[in-house]
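>>> quick one: sequence plus predicted model below, questions after.
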Amino acid sequence: NQLVRASTASPAEAGACSSVRVTRQDALGRAAIPPNATAVTLAPLPATGLQFFSDSACLLAVTGVSIAGGASFTDFFVKGTTGATYGLTASSPGLIDGTVNFVVLPMVRRGTCTIANGSDLILCPVSPPIPGNDISRTMMIFAGASAAATPSDANVRCRLIASAGVDVVCSRFGAGANSVSVAWQTVSFARSFANGGASVQHLSGSFPVGGPTPLVGPVASVDLAQSFLLVSFQTQGMSNRSDDFFTARLTSATTLALTESQATFVTAGSWALQVVSVAGASVLRGSSTAATVGAVTVAGLPSAAPDR
C-alpha cells in the first residue's frame, strides 16, 4: 500500500493557506479504506520555509495528520513564507511514502530593464507570474538612473499594468540620446487588507499646462492610519526646476491631492500613483518645505520600531 499526495493550490502565493490531500491507495492505485486510523507524518524539503496546519486559517500547526478508519484520505493545509519548490512527504509505517512538489511563489519579485536611446517606453515583464494577473494586492517600487539632464529625457513614470500578464511599464516624454536604467521590485500579499493583508489601488493620469494645483482626485475609501502613497511623474522641459517636482498626499479617506510649487501647472506631465493599505501598519504623515540648497530635517517624530 502507498500514500499519495495531491494539491490543486500549487503554485501558491507566499503567506497563502492552501489545501493538500493525502490518500491511502493499494498497489493497483485504488483507494484503500482500512477499518483503523492511519497516522501520517508530514515533512517538507527543505525543512524551513513551509509549515503544516490542521485548519483552513493556518493557525493550528501540526507535524502529522490521521486518516480516519473507514476513510481513504484526509486534508491538511500548508503555508509557505519563502518562494521555493518544496518536496512534501507523507509517511506511515508499512506504507510507501507519498511525495508531491509544492511551489510557493515569491512575495518579492525584482528585475531591471532599460528605456533605450531614442525610445520613450519600456515594458518590463514581472516573473514569476502573479496569479490571475491580480495586482490589487501588489505594490511596486522602482529607481531610475540616466545621464540625461532634461526632465523630458530623465524624469520617468513607472506603473504596474495587468493584461495578458503583469508588466512594469516605464515611460518618459522625450526620446533623447541617453538611455534610462530602471530597477524595480514588486511586493505581493496573499490576502487583501480586509482579510489581514494589503490592498493596492493603481491610479494614473495627466496634468495640463495651466491646470490648477493641487489636482484633486477620488480614491476608494481607505483607513488613513494604515495607508500611504507611492508616486512617480514624467514631465516635459529642458531643465529640472521647482515646477518639475510634485507632492502627493491623502487629504481624506477618499481624496488625494497632487501639488506643484506654483498656483498652476507650469509644465505638462503624467503621474502614476499607488494607494497602499497594509493591515496592522501605523502610518504617520505630514509635510515640510525644503530650502533652496541643502537637506531638511524633520524633528519631533514619535518613536518607531526599525524592524517593522
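Good, I have the coordinates. Residues are numbered from 1 along each chain as shown.

>>> tell me who's in contact with the residue nearest to residue 147 when sequence neighbours are not counted.
Closest residue in space to residue 147, ignoring its immediate chain neighbours: residue 178 at 4.8 Å, by CB to CB, 6 or more residues apart in numbering. (C-beta placed from N, C-alpha, C; glycine too.) Counting by CB atoms under 8 Å, 6 or more residues apart in numbering, residue 178 touches 117, 146-148, 153-154.

>>> got JSON lines for the residues you listed, with neighbour count, distance to residue 227 and secondary structure too?
Putting those into JSON lines (neighbours: other CB atoms under 10 Å; distance: CB to CB, whole Å; DSSP: H, G, I helix; E, B strand; the rest coil) gives the following:
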{"residue": "117", "neighbour count": "13", "distance to residue 227": "39", "secondary structure": "coil"}
{"residue": "146", "neighbour count": "18", "distance to residue 227": "31", "secondary structure": "strand"}
{"residue": "147", "neighbour count": "12", "distance to residue 227": "36", "secondary structure": "coil"}
{"residue": "148", "neighbour count": "21", "distance to residue 227": "34", "secondary structure": "coil"}
{"residue": "153", "neighbour count": "24", "distance to residue 227": "33", "secondary structure": "helix"}
{"residue": "154", "neighbour count": "21", "distance to residue 227": "30", "secondary structure": "helix"}
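
>>> from those residues, which one has the minimum pLDDT?
Lowest pLDDT among these: residue 148, with 89.

>>> that residue against residue 180, yeah?
Yes - if you go by CB atoms under 8 Å, residue 148 and residue 180 touch, sitting 7.0 Å apart.

>>> overlap in contacts of the two?
With CB under 8 Å, 6+ apart, residue 148 and residue 180 have common neighbours residue 154.

>>> all helices for the protein, in order.
Here the chain has its helices, by DSSP state H, at 151-154.

>>> center of it, which residue is that?
The centroid of the chain falls nearest to residue 188 when counting by CA atoms, centre = their mean (2.2 Å).

>>> so what's the nearest residue to that residue once chain neighbours are set aside up against?
Closest residue to residue 188 apart from its sequence neighbours, by CB to CB, 6+ apart: residue 138 at 4.3 Å. Counting by CB under 8 Å, 6+ apart, residue 138 makes contact with 130, 160, 166, 186-189, 200.

>>> next one: residue 270
Residue 270 makes contact with 157, 171, 204-207, 233-234, according to CB under 8 Å, 6+ apart.

>>> how near is it to residue 158?
Applying CB to CB, to the nearest Å, the value for residue 270 to residue 158 is 11 Å.

>>> list residues touching both of those two?
residue 171.

>>> so which bits of stretch 201-221 are buried?
Using 16 or more other CB atoms under 10 Å as the test for burial, stretch 201-221 gives 201-203, 207, 213-215, 219.

>>> now do stretch 56-71
The neighbour-count check on stretch 56-71 (16+ other CB under 10 Å) flags 58, 65, 67 as buried.

>>> what comes into contact with it?
17, 19, 22, 24, 33-43, 51-54, 73-74, 76-79.

>>> at 10 Å what do you get?
3, 15-20, 22-24, 31-43, 51-55, 73-79, 90-92, 196 (CB atoms under 10 Å, 6 or more residues apart in numbering).

>>> please name the residues that touch residue 151.
Applying CB under 10 Å, 6+ apart, we find residue 151 in contact with 172-174, 233-241, 243-245, 267, 269.

>>> just the buried ones out of those residues, please.
Buried subset of the contacts of residue 151 (neighbour count, 16+ other CB under 10 Å): 172-174, 233-237, 243-244, 267, 269.

>>> sorry, back to before: mind putting the buried residues of stretch 201-221 into CSV with distance to residue 101 and pLDDT?
Shown next, in CSV, are the buried residues of stretch 201-221 (distance: CB to CB, whole Å; pLDDT from 0 to 100):
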residue, distance to residue 101, pLDDT
201, 35, 98
202, 33, 98
203, 39, 96
207, 50, 83
213, 54, 82
214, 52, 82
215, 50, 86
219, 41, 95
